[in-house]
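Visitor: Turn this into a model:
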Amino acid sequence: MDQKENNNTSLQNHKSKKPLHEHTEDALDQYFANLNGDRPGDLYDLVMSEVERPLFKAVLDYTDGNQSQAAGILGINRGTLRKKLRSYSLIH
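Guide: Numbers count the residues shown, from 1 in each chain. Take a look at the predicted model:
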């Protein structure tokens, strides 16, 4: 089985499980519970970085590193993708 078939099978397996937004809600509930009353800072940036990095990595793996295809799948400009990939040290 090639990489794309494996990714498609993996994506199909995830359809029968809990939706991503529920995982996000659970993770945020856990995050707030662990604060012990402390006030978080820069939560938006924290959440975005935690989600964007694995998203970009998964899409790049799916496209065998083709940034133009990855940008198309993500619905963003290729230049924006490259900037974000550099910020997450996914490219040099």
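Visitor: Look up which helix or strand the most centrally placed residue in the chain falls in, please.
Guide: The C-alpha lying nearest the average C-alpha coordinate of the chain belongs to L55 (CA atoms, centre = their mean; 2.4 Å). Per DSSP states H and E: L55 is located in helix 43-62.
Visitor: And L74, how far from Y88?
Guide: Distance of L74 to Y88, computed by CB to CB, to the nearest Å: 13 Å. (Glycine included, C-beta is placed from N, CA and C.)
Visitor: coming back round to it: tell me the spatial nearest neighbour of the residue nearest to the centre of the chain, not counting adjacent residues.
Guide: Computed as CB to CB, 6 or more residues apart in numbering, the closest residue to L55 that is not its neighbour in sequence is L74, at 7.6 Å.
Visitor: Quickly note the distance from that neighbour to S49.
Guide: Distance, L74 to S49, using CB to CB: 16 Å.
Visitor: neighbour-wise, which of those two wins?
Guide: Remark: of L74 and S49, L74 carries more neighbours, 18 against 13, as counted by other CB atoms under 10 Å.
Visitor: would you list every one of the helices in the chain?
Guide: Along the chain, the stretches classed as helices by DSSP state H are 3-15, 20-33, 43-62, 67-74, 78-87.
Visitor: Please identify the deepest-packed of the ones you listed.
Guide: helix 67-74 (a mean of 16; mean count of other CB atoms under 10 Å).
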